[in-house]
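In: here you go, sequence then predicted model.
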Amino acid sequence: MNRDGNIYTIVYASVMVILVAFGLAFTSQSLKSYQKKNEDIDKMKQILRSVRVQATAENAESLYKELIKESFLVDENGNKTEGDAFTTDVVKAFAGKKPLPVYVATVDGSTKYILCMQGAGLWGPLWGYLSIDDDKNTVFGSDFSHAGETPGLGAEIVTPAFSDQFKGKKLFNAEGEFKSIAIVKPGKTAEGQDYVDGISGGTITSQGVNKMIFDSMSGYVKFLTSQKQ
């Protein structure tokens, strides 16, 4: 075949494309299990942070197994239902009003219920976990994550300075009505419900977190108001 001809060039380019595509596909498939493992470890670390436990990639799995005593799904009526809480697609669960994950942890001898949150910020998805004391009302801890909020502004929701504010806040008022926890501008208040300060300069992200908490916790209201599991 004439190496200077068009046919040779086309054949050569086609072969190279196929080889590169095969190589990339093989590499991706080979690393898939490692990627899934890393994703699982990161998720465990987030869940643990919501109960005020800091974990590393090395000890996250062992701490998770030690502290998380049970996990299950609850339906719209707050009842346990079949399914794997850890592998449930939370985005689809909230979007389709499907069963939601609940994790039960024991911290210093006390039961904590860890509930999932899913929402949207300025530039992308927001998500997190809220841990509740065994009264199913008082927040024990929280953890927030984001896909692409602005560094130094909305991205500050991942810092302890923001998440620590939720400790001791209540989802229900004295009459037992669900009120959620409001995110307000620093220096402002929210009448009739517990609240925390939003991020200065991150108004839209703060609003997104506010909506995320309300919408997500609304899905758990019947579980939280039901008899203790």
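Out: Thanks, I have the structure now.

In: now do the same for residue 168: helix, strand or coil?
Out: Here residue 168 is recorded as coil under DSSP: H, G, I helix; E, B strand; the rest coil.

In: let me see the residues that make contact with the longest strand seen in the chain.
Out: Secondary structure of the chain per DSSP state E: the longest strand is strand 110-120. With Cβ atoms under 8 Å, 6 or more residues apart in numbering as the test, strand 110-120 has contacts from 47, 50-51, 68, 90-91, 93-94, 100-106, 125-134, 136, 140-141, 144, 208-209, 211-213, 215-217, 220, 224. The C-beta positions use only the backbone N, C-alpha and C, and glycine is treated the same way.

In: make it 6 Å
Out: By Cβ atoms under 6 Å, 6 or more residues apart in numbering, the list of residues contacting strand 110-120 from outside reads 47, 50-51, 90-91, 94, 101, 103, 105, 126-132, 134, 140, 208, 211-212, 216, 220.

In: residue nearest the centroid of the protein?
Out: residue 128 (3.2 Å; Cα atoms, centre = their mean).

In: which of the helices or strands spans that one?
Out: strand 125-132 (DSSP states H and E).

In: next one: residue 192
Out: Secondary structure (DSSP H and E) places residue 192 outside all helices and strands.

In: ok, it to residue 223 distance?
Out: Per Cβ to Cβ, to the nearest Å, residue 192 is found 23 Å from residue 223.
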